[in-house]
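# Provided below for reference: sequence and predicted model.
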Amino acid sequence: MSVSVGHSLRAAPSPAASPDPPPAASRHRPRLAHLPAVRVSEADAHRVVHGVPIEAPPGTGMVRVLGPDGALLAIAELGKGARLSYRRVLVELDDNRH
């Protein structure tokens, strides 16, 4: 398992630099930027989007769960056992991703 915790704060691109609307999950980023980020591997990202609990890094509180590409996958809580406790999974699955 590959999990890293940290603050992932990046400036959002200006509307002129990004003509296409962002995916639904990335629209939540500005409001959730205060939460620490937990970045997971591709294999763990697959588990997260299917609601399968994964091992949690040490700590307590709410976190953003990010995929290896930085996409926001879920909001979870640390400190409730050895696994992430998901509050919301934010990824919509299409027929080609599972």
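Sure thing, it's come through.

# got the residue ranges for the helices in this protein?
24-27, 29-32, 42-49 (DSSP state H).

# ok, residue 75 - contacts?
Neighbouring residues of residue 75 by C-beta atoms under 8 Å, 6 or more residues apart in numbering: 32, 35, 62-65, 86-88, 90. Yep, even glycine has a C-beta here, placed from its N, CA and C like the rest.

# Just the buried residues of the residues you listed.
35, 63-65, 86, 90 (16 or more other C-beta atoms under 10 Å).

# Was I right to think residue 66 contacts residue 37?
Yes. Applying C-beta atoms under 8 Å, one finds residue 66 in contact with residue 37, separated by 5.2 Å.

# so where's the protein uncertain?
1-30, 93-98 (pLDDT under 70).

# Look at residue 66 and residue 37 and report which has more neighbours.
residue 66 (22 against 19; other C-beta atoms under 10 Å).

# Contacts only, for that one.
Contacts of residue 66 (C-beta under 8 Å, 6+ apart): 8, 37-40, 72-73.

# Pull out the buried residues from the residues you listed.
8, 37-40, 72-73.

# need those in a markdown table with distance to residue 53, can you?
Shown next, in a markdown table, are the buried ones among the contacts of residue 66 (distance: C-beta to C-beta, whole Å):
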| residue | distance to residue 53 |
| --- | --- |
| 8 | 22 |
| 37 | 18 |
| 38 | 13 |
| 39 | 17 |
| 40 | 12 |
| 72 | 18 |
| 73 | 13 |
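
# Among the residues you listed, which ones are in strands?
37-40, 72-73 (DSSP state E).

# would TSV of these with distance to residue 81 be doable?
Compiled in TSV, these are given as follows (distance: C-beta to C-beta, whole Å):
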residue	distance to residue 81
37	20
38	15
39	20
40	17
72	23
73	19
